[in-house]
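Peer 1: fold the following for me, if possible:
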Amino acid sequence: MDSRVIFLVENISFPQDRRVRQEAEALAARGWKVSVICPRGGTQGSTSFEVIDNIKVYRYRQPFQGGGILGYVLEYSWAMLASFILILWIWAKDGFDVLHAANPPDLLFLVASPFLLFGKKFVYDQHDLCPELLAFKFQRATALRRILFFLEQCSYRLADLVIVTNQSAYETARQRGGVQPEKLCIVRNGPDLKYFSSIAPCADLRDSARYLVVYVGSIAKQDGVDTLVKAANHIIQTRRRTDVKFALLGDGDNLQELRDLVGFFGLEQYVSFAGWVDDSKLLRYLSSADVCVAPDPPVPINQLSTFIKIMEYMSCGKVTVSFDLLESRRTAGPAAVFVRTHNPESFGDAILEILDDPIRRETLGRLALERVRTSLHWGLSSEVLAGAYEQVIQRGAPRVHHLNLSARWIWKRSTEMKRRSIDHVDSSAARNPSRLT
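Peer 2: So this is what the prediction gives:
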């Protein structure tokens with residue numbers, strides 16, 4: 001097979017985005033010629049061009065970073081321009097057949113659409129539900145939410161294939177987006193068990209503490225890591241448990257705020273920040289952990305999201321302490337501890353309870369590992385991805401009139417969405433997510 005695909009990534013550098021990395025590697029292993037366009041960032045993505053496992057990675061400088069609405073406008077405008085220029089460069093040099101856009105943001109269809117007139121295919125990989133994400137970050141930005149509905153509709157409408165991460169996103173694409181089943185599939189996040197499994201624990205990571213609690217992931221407002229720090233303060237200061245150490249692995253907009261909070265509580269001895277780490281170091285931490293945590297708060301965007309960190313915890317045989325979220329419960333099932341009351345004290349007490357119960361901790365860890373091995377590992381998802389790509393390539397080139405999107409139709413759809421609740425969660429499920437496990 002000599003088909004060629006370009007992955008478009010805006011919010012993180014390659015190969016830090018594990019989902020995009022695994023998708024790119026899966027297609028490359030099946031004979032696809034794969035390129036990735038993304039911003040520079042971090043120690044793993046500081047060069048403008050490199051080849052990683054036969055994947056060509058093109059990176060652009062990103063002088064702007066979103067913080068407020070103006071910051072995001074500057075960041076995304078620059079990213080779209082840089083991505084478009086790099087697509088032209090790759091097209092002239094190597095050619096391509098498919099553009100695979102990984103959201104957020106839902107703007108990447110803008111750079112893809114001109115190329116569809118030349119018979120190229122567009123895959124919309126919906127990592128996040130952007131309207132719900134924005135509703136959490138900017139609760140009063142009603143007009144901006146309407147724009148995001150509009151952009152989401154454009155992405156759905158233009159795509160030859162829509163890929164989502166879980167059942168909730170599938171239902172959203174069908175009901176809110178009107179996407180037909182034949183061009184929609186679920187490709188779940190999941191660890192690749194060929195590379196990602198438990199190794200020998202490293203006692204040095206505990207710093208003489210009896211227990212090690214590990215968090216892995218981004219550190220932004222919606223991730224709830226501030227709740228974890230407050231839970232750590234409850235454990236150490238209120239419960240007087242100085243035998244527990246917390247390791248936070250990751251980075252994000254709220255990192256400095258978290259460091260300040262740790263300093264405010266005087267927890268520097270008990271809470272460490274490791275930043276983004278490579279897989280070998282990540283496995284050392286996870287294999288050494290007694291408990292892993294997912295403190296994401298129970299807001300609509302998190303209810304509908306699948307967190308890859310939970311499956312990474314599970315692949316190392318670790319029990320997860322999480323707030324009771326719909327998709328987290330669908331992922332972990334009976335192999336996790338779910339906290340129904342959203343406050344740091346309840347989260348901290350749940351951590352202590354499972355730490356002090358080694359038999360239950362071991363039992364849930366075995367259940368977690370078995371669940372990943374049988375139904376959640378990346379090998380299953382990669383087969384779904386490859387099959388969906390095969391179908392896309394076999395379809396004929398889209399007709400021009402199909403590419404002539406009706407702005408009036410899309411705007412009508414987005415206006416209809418305004419009348420519905422942005423919190424696209426069944427009300428009974430939102431009250432009691434365990435019913436939908």
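
Peer 1: which element is residue 391 on?
Peer 2: helix 378-394 (DSSP states H and E).

Peer 1: what's that helix packed up against?
Peer 2: Packing partners of helix 378-394 (3 or more C-beta pairs under 8 Å, 6 or more residues apart in numbering; DSSP states H and E): helix 18-29, strand 98-102, strand 121-126, strand 161-164, strand 184-186. Heads up, the C-betas are built off the backbone N, CA and C, glycines and all.

Peer 1: what does the fourth one contact?
Peer 2: In this case it means strand 161-164. 121-126, 155-156, 170, 172-173, 177, 179, 183-187, 385, 388-389, 391-392 (C-beta atoms under 8 Å, 6 or more residues apart in numbering).

Peer 1: switch the cut-off to 6 Å
Peer 2: 123-126, 170, 173, 179, 183-184, 186-187, 388, 392 (C-beta atoms under 6 Å, 6 or more residues apart in numbering).

Peer 1: could I get the buried residue list for the helix or strand that that strand is followed by?
Peer 2: As assigned by DSSP H and E, the chain's next helix or strand after strand 161-164 is helix 167-175. Neighbour-count burial for helix 167-175 flags 167, 168, 169, 170, 172, 173 (criterion: 16 or more other C-beta atoms under 10 Å).

Peer 1: what sits up against helix 167-175?
Peer 2: With C-beta under 6 Å, 6+ apart, helix 167-175 has contacts from 126, 162, 164, 179, 184, 186, 304, 327, 424.

Peer 1: which one of these is nearest residue 292?
Peer 2: Lowest distance from residue 292 to the contacts of helix 167-175 (C-beta to C-beta) belongs to residue 327, with 17.0 Å.

Peer 1: got phi/psi on that closest one?
Peer 2: Per-residue torsions, residue 327: phi -70, psi -30 (degrees, to the nearest 10).

Peer 1: next, give me the two most distant ones among the contacts of strand 161-164.
Peer 2: 170 and 392 (17.5 Å).

Peer 1: before we move on, the earlier item: keeping just the C-alphas, turn the helix holding residue 391 into CSV.
Peer 2: The C-alpha atoms that make up helix 378-394 are tabulated as CSV, following Å, rounded to 0.1, in the frame of the first residue of the first chain:
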residue,chain,number,x,y,z
TRP,A,378,-4.7,-0.6,21.8
GLY,A,379,-4.4,-3.7,19.6
LEU,A,380,-8.2,-3.8,19.4
SER,A,381,-8.5,-0.1,18.6
SER,A,382,-5.8,-0.2,15.9
GLU,A,383,-7.7,-2.9,14.0
VAL,A,384,-10.9,-0.7,14.1
LEU,A,385,-8.8,2.3,12.8
ALA,A,386,-7.2,0.3,10.0
GLY,A,387,-10.6,-1.1,8.9
ALA,A,388,-12.2,2.4,8.9
TYR,A,389,-9.3,3.8,6.8
GLU,A,390,-9.7,0.9,4.3
GLN,A,391,-13.3,1.9,3.8
VAL,A,392,-12.4,5.6,3.3
ILE,A,393,-9.8,4.8,0.7
GLN,A,394,-12.2,2.5,-1.2
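
Peer 1: avg pLDDT for that helix?
Peer 2: For helix 378-394, the mean pLDDT works out to 93.

Peer 1: where do the domain boundaries of the chain fall?
Peer 2: 4-190+379-431, 203-376 (automatic domain parsing).

Peer 1: just name the most buried of those.
Peer 2: Stretch with highest mean neighbour count among the domains of the chain: domain 203-376 (a mean of 20; mean count of other C-beta atoms under 10 Å).

Peer 1: hmm, back to that, rebuild the domains of the chain as JSON lines, extending it with distance to residue 196.
Peer 2: JSON lines is the format used below for the domains of the chain (distance: least, C-beta to C-beta, whole Å):
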{"stretch": "domain 4-190+379-431", "distance to residue 196": "9"}
{"stretch": "domain 203-376", "distance to residue 196": "5"}
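
Peer 1: lowest-confidence stretch among these?
Peer 2: domain 4-190+379-431 has the lowest average pLDDT among these, namely a mean of 85.

Peer 1: so where does the closest residue to residue 110 other than its chain neighbours fall, helix or strand?
Peer 2: Excluding its sequence neighbours, the residue lying closest to residue 110 (C-beta to C-beta, 6 or more residues apart in numbering) is residue 80, at 5.8 Å. Element membership of residue 80 [criterion: DSSP H and E] is helix 69-93.

Peer 1: from the chain's centre, how far out does that helix sit?
Peer 2: The chain centroid and the centroid of helix 69-93 are separated by 21 Å, computed with C-alpha atoms, centre = their mean, to the nearest Å.

Peer 1: packing partners of that helix?
Peer 2: Using 3 or more C-beta pairs under 6 Å, 6 or more residues apart in numbering; DSSP states H and E, the elements in contact with helix 69-93 are strand 33-39, helix 109-116.

Peer 1: nearest to residue 246, out of these?
Peer 2: Between residue 246 and the helices and strands packed on helix 69-93, the tightest spacing by C-beta to C-beta is seen for strand 33-39, at 30.1 Å.

Peer 1: what strands line up against that closest one, and which way round?
Peer 2: Strand 33-39 pairs in its sheet with strand 4-9 (parallel), strand 55-60 (parallel), by DSSP bridges.

Peer 1: C-terminal to it, what's the next element?
Peer 2: Immediately after strand 33-39, counting by DSSP H and E, sits strand 49-52.

Peer 1: first-to-last residue distance for stretch 31-47?
Peer 2: One end of stretch 31-47 sits 26 Å from the other (C-alpha to C-alpha, to the nearest Å).
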